[in-house]
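Visitor: Quick one: sequence plus predicted model below, questions after.
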Amino acid sequence: MIAPRLFLTVFGVIFVAELPDKTALAALVLATRHRALPVFLGAALALTIQSVVAVAAGSLLAKLPSTAVHIGSGVVFLGCAVLMWLRKPEASDDDAANPQPKATFWRALWTVFAVVFIAEWGDLTQIGTAALQAKYHAWLTVMLASTAALWCVAGLAVFVGNRAGRLLDPKVTQKVAAVVFAVIGVLLVTRIV
């Protein structure tokens, strides 16, 4: 059974913690490059799985070596930054010459899934979800509230990123995204974030 008060508490804590987070920033940046739906679906899927992992792990997840998690996540972000910087800009989704709109949708979805899934490992909200589960022993309420909060933040990030992406030149957006990912990667490797 879902406890409404606990649901609101978990939702509030996770929502506020996720707003300034690297995962939300990653979704925002990716939404400037891809259509909103695959970005949101990829982020939502990754965040849902990470909520399940956090709840299942409970208090054990908080005991993982944070150094390895930060360095691993940082290296992934740096790799994404290099790939983003070097990659040629894609044709516009509105371009009638684009012969594979489904491939673009699925490629965007899985790219976002991978980035968000990796970025969320050892994240404050994942550890917070694990700690809340360990404290309250209410897996369904904690999982649903955490997932709902993460989806709301991802939705906001995708909305803002998608609007910004329409206003900005795709080449400039790609370079800015690469720099943002590189900064996040360096901060993770040096354990500042």
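Guide: Great, that's in hand.
Visitor: When you work out contacts or count neighbours from here on, use the C-alpha atoms and nothing else.
Guide: Fine.
Visitor: Please, where are all the strands along the chain?
Guide: Counting by DSSP state E, the chain forms no strands at all.
Visitor: If you tally nearby residues, what's the number for the closest residue in space to residue 34 that isn't next to it in sequence?
Guide: Nearest-residue entry for residue 34: residue 108, 6.5 Å, with adjacent residues in sequence omitted and distances by Cα to Cα, 6 or more residues apart in numbering. Neighbourhood size, residue 108 [other Cα atoms under 10 Å]: 23.
Visitor: which ones are touching residue 108?
Guide: 34, 38, 39, 42 (Cα atoms under 8 Å, 6 or more residues apart in numbering).
Visitor: and if you look at residue 143?
Guide: Contact analysis of residue 143 by Cα under 8 Å, 6+ apart lists 51, 52, 55, 129.
Visitor: Relative to residue 4, how far out is it?
Guide: 13 Å (Cα to Cα, to the nearest Å).
Visitor: Next, give me the two most distant ones among the contacts of residue 143.
Guide: Of all pairs drawn from the contacts of residue 143, the greatest distance, 9.4 Å, lies between 52 and 129 (Cα to Cα).
Visitor: Between those two, tell me which one has more neighbours.
Guide: More crowded of residue 52 and residue 129, by other Cα under 10 Å: residue 129, with 34 against 21.
Visitor: thought that one was touching residue 142?
Guide: Yes - the pair residue 129 and residue 142 passes the contact test of Cα atoms under 8 Å, sitting 7.0 Å apart.
Visitor: pLDDT score for the residue nearest to residue 152 when sequence neighbours are not counted?
Guide: Spatial nearest neighbour of residue 152, excluding adjacent residues (Cα to Cα, 6+ apart): residue 15 at 7.6 Å. At residue 15, the model reports a pLDDT of 89.
Visitor: same question, residue 165
Guide: Residue 165 is given a pLDDT of 68.
Visitor: for residue 75, same thing?
Guide: Looking at residue 75, its pLDDT is 73.
Visitor: any idea how far it lies from residue 190?
Guide: Per Cα to Cα, residue 75 is found 11 Å from residue 190.
Visitor: just residue 31 next, same as before
Guide: Separation of residue 31 from residue 190 (Cα to Cα): 27 Å.
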